[in-house]
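Visitor: Here you go, sequence then predicted model.
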Amino acid sequence: MTTSATELPPFSGDNPTCPKCGNAGAHTRYLTERQYMPYPSRARPYIEHLRRECTRCGHTWPEATIEQRPPTAPETTELRG
Ligand SMILES: [Zn+2]
């Protein structure tokens, strides 16, 4: 596993599971590195990221943008049939 510039979790889709209340669904907002917003957790990204906000309890957490995915896909899933 290589350590990239970001340690944010990857984008979890349109209906992520809130780590606090278990609700499936969260708003998504793109923030640049200058749009720092505090998070309840210790994760404090100073880079561009996606800010997720639970639609039920309002818990917020940062996620990486899809651009921050590793460029090389280590997963070799070649389906041959
Ligand atoms: Zn929640």
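Guide: Structure's in. What do you need?

Visitor: show me the contacts for the nearest residue to residue 51 once chain neighbours are set aside.
Guide: With sequence-adjacent residues excluded and distances taken as Cβ to Cβ, 6 or more residues apart in numbering, residue 51 is closest to residue 29, at 4.6 Å. Bear in mind the C-beta positions are built from the backbone N, C-alpha and C, glycine included. Contact analysis of residue 29 by Cβ atoms under 8 Å, 6 or more residues apart in numbering lists 50, 51, 53.

Visitor: Neighbour-wise, which one of those residues leads?
Guide: Counting neighbours by other Cβ atoms under 10 Å, residue 50 comes out on top of the contacts of residue 29 with 21 neighbours.

Visitor: Might one say that it is in contact with residue 30?
Guide: Yes. Between residue 50 and residue 30 there is a contact under Cβ atoms under 8 Å: 5.9 Å.

Visitor: okay, and the common contacts of those two?
Guide: residue 65.

Visitor: Pull the helix or strand hosting residue 30 out as CSV, backbone CA atoms only.
Guide: Using DSSP states H and E, residue 30 maps to strand 26-31. The C-alpha trace of strand 26-31 is given here as CSV (Å, rounded to 0.1, in the frame of the first residue of the first chain):
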residue,chain,number,x,y,z
ALA,A,26,-25.7,11.9,2.8
HIS,A,27,-25.4,15.2,1.0
THR,A,28,-22.2,15.9,-0.9
ARG,A,29,-20.4,19.2,-1.4
TYR,A,30,-17.2,19.8,-3.1
LEU,A,31,-14.7,21.9,-1.2
